[in-house]
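In: Sequence plus predicted model, see below.
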Amino acid sequence: MTPLLEVTDLTKHFPIRSGAFRSAGGVIKAVDGVTFSVGAGQTLGLVGESGCGKSTTGRLLMRLLEPSFGSIRLDGREISELRRSELQEYRRRVQMVFQNPSSSLNPRQSVGSAIAAPLLAQRITPPGGVRAKVRDLMDRVGLRPDHYNRFPHEFSGGQKQRVGIARALALDPQLIICDEPVSALDVSVQAQVINLLEDIQRDTGVAYLFIAHDLSVVKHFADRIAVMYLGRIMEQGDTEEVFGAPRHPYTRALLSAVPQPDPAADRSGRIRLSGDLPSPADPPRGCVFQSRCPVHPRLDPRRRELCTGSAPSGDIACHHTDVAAGAPATTPR
C-alpha cells in the first residue's frame with residue numbers, strides 16, 4: 001500500500017550571508033537528507049533535541065519554506081514543485097497546528113473568525129453555512145457556543161490550542177502536522193489535548209506528523225517514531241520496537257534521559273553525552289553523531305573509519321549497532 005506521505009532525501013540549507021554585500025559564505029544544514037513516510041490514519045512521532053531540524057521539516061512539508069533538494073509526495077503526487085496556484089488544493093489536505101497557541105492566533109480576530117478563515121480562504125461554503133460548520137468544530141474540540149465571539153486573550157493556553165486544532169480541522173484534511181502542540185501547556189492540559197487528538201483521529205481517520213521533544217508523550221501517542229539529530233534521521237521504526245530495543249547510540253542516550261518518576265529508580269545506566277552539539281554549518285563528515293557517540297571511542301581504527309562515510313541504508317544510521325548495545329553509561333572525557 002502506498003503511504004499517504006512520502007518524504008525522500010528532504011534537504012534545507014540556509015545560506016550564511018556576511019559583509020556589506022551580503023555574499024554567501026557557507027550554509028546552515030538545517031535538514032540534511034531526511035527520509036520517512038506516514039501511512040493513512042497513522043501517527044509518526046518526529047523527536048529530537050532542540051535545534052535538530054524538526055520544526056523546519058514540518059514547515060517544509062507545509063511549503064512554508066521551500067526545500068533545497070528532495071522529494072515530498074502526497075498520495076504519490078510530487079508537491080515540492082507545486083506552483084503557488086496549486087498549493088491551495090494541497091493545503092486543503094494538509095494542515096498544521098503550531099507550537100505556541102497564543103502567537104498562532106490574531107489577537108484582533110474573534111475565535112469564530114479564526115476558525116472560519118480557512119473556509120473563507122478556500123471559498124468553501126459547507127452545508128448549513130460557515131457559521132454552523134464553525135460551531136460544529138468548536139463543539140468537537142470542547143469549546144462552548146458562547147466562545148464564538150470572544151477573542152484569544154479571553155482564553156487559557158489549552159483553550160487557544162483547541163481553537164488551533166479546530167482551525168486545522170476546518171477543511172477536513174488527510175494529514176495534520178502538529179509542531180510540539182502541547183509543549184507550552186500545563187501537564188494536565190497536555191493530557192486533555194492528546195486525548196482530543198486521539199479522539200479526532202479515531203473519528204475522522206486523519207494522519208498526524210507529531211513533532212515533539214517529550215518522549216513520554218510520543219510513546220503514548222505515536223504508531224511509529226523517527227529520531228532526528230543535527231538535521232538527519234538517526235533511527236526510525238515502530239514505537240514499541242524503538243522504545244523497547246533502541247539500536248542507535250543516540251536513541252539510547254535520548255531514552256535514558258527521560259525523567260523517572262520513582263525516586264528509588266536505578267539510574268546507573270543513564271547515558272550522559274559529553275561535548276557540545278556540532279554546528280549545523282560545519283557538521284562532522286559522515287556520521288554527524290560521531291563526536292558525541294559513546295561507541296565511537298571503543299572501535300578499532302578500521303571500524304571507526306566507517307563512521308566517516310555515508311550512513312548505511314535502512315532505518316538505522318549506524319554501522320555499529322552490534323557494539324551500541326554494550327555502550328558505557330558515559331562517554332570518555
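Out: Now that the structure is in, tell me what you want to look at. Numbering: from 1, shown residues only.
In: quick one: the strands in the stretch 151-300 of the chain?
Out: 175-179, 207-212, 224-229, 232-238 (DSSP state E, counting those that start in this stretch).
In: Columns mean neighbour count and mean pLDDT on top of these, output as CSV?
Out: All C-beta spots, glycine's among them, are computed from the backbone N, C-alpha and C. CSV is the format used below for the strands of the stretch 151-300 of the chain (neighbours: other C-beta atoms under 10 Å; pLDDT from 0 to 100):
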stretch, mean neighbour count, mean pLDDT
strand 175-179, 25, 96
strand 207-212, 25, 96
strand 224-229, 26, 96
strand 232-238, 22, 95
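In: Reformat these into TSV and put distance to residue 287 next to each item.
Out: Compiled in TSV, the strands of the stretch 151-300 of the chain are given as follows (distance: least, C-beta to C-beta, whole Å):
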stretch	distance to residue 287
strand 175-179	27
strand 207-212	23
strand 224-229	10
strand 232-238	9
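In: Point out the one among the ones you listed that comes closest to residue 82.
Out: Residue 82 sits nearest to strand 175-179 of all those, at 15.2 Å, using C-beta to C-beta.
In: Pairing partners for that closest one, with directions?
Out: Pairing partners of strand 175-179, with direction, according to DSSP bridges: strand 94-97 (parallel), strand 207-212 (parallel).
In: now those as TSV including distance to residue 81?
Out: What follows is the strands paired with strand 175-179, written out as TSV (distance: least, C-beta to C-beta, whole Å):
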stretch	distance to residue 81
strand 94-97	16
strand 207-212	20
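In: Show me what the longest strand along the chain pairs with in its sheet, parallel or antiparallel.
Out: Scanning the chain for the longest strand, with DSSP state E as the assignment, gives strand 23-38. Strand pairing for strand 23-38, using DSSP bridges, gives strand 5-18 (antiparallel).
In: circling back: if you compare the directions of the longest strand of the chain and strand 224-229, what angle comes out?
Out: 160 degrees (axes from the mean of the first three to the mean of the last three C-alpha atoms, to 10 degrees).
In: Could I get the average pLDDT for strand 23-38?
Out: Mean pLDDT, strand 23-38: 89.
In: for that strand, which positions count as buried?
Out: 28-38 (16 or more other C-beta atoms under 10 Å).
In: immediately after it, which helix or strand?
Out: strand 43-47 (DSSP states H and E).
In: Only alpha carbons, please: show that following strand as CSV.
Out: Presented in CSV, the C-alpha positions along strand 43-47 are these (Å, rounded to 0.1, in the frame of the first residue of the first chain):
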residue,chain,number,x,y,z
THR,A,43,0.8,8.9,13.6
LEU,A,44,4.5,9.4,13.1
GLY,A,45,6.4,10.9,16.0
LEU,A,46,9.4,13.1,15.0
VAL,A,47,11.6,13.6,18.0
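In: tell me the contacts of residue 258?
Out: 215-216 (C-beta atoms under 8 Å, 6 or more residues apart in numbering).
In: Angles on the backbone of it, please.
Out: Phi and psi for residue 258, reported as degrees, to the nearest 10, are phi -70, psi 130.
In: got the angle between the helix ranked longest in the chain and strand 43-47?
Out: The single longest helix within the chain, with elements called by DSSP state H, is helix 187-204. Interaxial angle, helix 187-204 versus strand 43-47 (the same axes, to 10 degrees): 150 degrees.
In: ranges for the helices of the protein?
Out: With DSSP H as the criterion, the chain has helices at 54-61, 84-93, 111-121, 130-140, 157-169, 187-204, 215-221, 239-244, 249-256, 301-306, 321-324.
In: So which of those is nearest residue 3?
Out: Closest approach to residue 3 among the helices of the chain is made by helix 54-61 (13.2 Å; C-beta to C-beta).
In: Can I get stretch 181-201 in CSV, CA atoms only?
Out: Extracted as CSV, the C-alpha positions of stretch 181-201 are listed here (Å, rounded to 0.1, in the frame of the first residue of the first chain):
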residue,chain,number,x,y,z
PRO,A,181,1.3,21.2,20.2
VAL,A,182,1.5,20.5,23.9
SER,A,183,4.9,21.8,24.9
ALA,A,184,3.6,25.2,26.0
LEU,A,185,0.8,23.7,28.1
ASP,A,186,0.5,22.5,31.7
VAL,A,187,0.9,18.8,32.2
SER,A,188,-2.8,18.2,33.0
VAL,A,189,-3.9,20.2,29.9
GLN,A,190,-1.4,18.3,27.8
ALA,A,191,-3.2,15.0,28.5
GLN,A,192,-6.5,16.6,27.6
VAL,A,193,-5.2,17.8,24.2
ILE,A,194,-3.5,14.5,23.4
ASN,A,195,-6.8,12.6,24.2
LEU,A,196,-8.6,15.1,22.0
LEU,A,197,-6.2,14.5,19.1
GLU,A,198,-6.7,10.7,19.5
ASP,A,199,-10.5,11.0,19.5
ILE,A,200,-10.3,13.1,16.3
GLN,A,201,-8.1,10.5,14.6
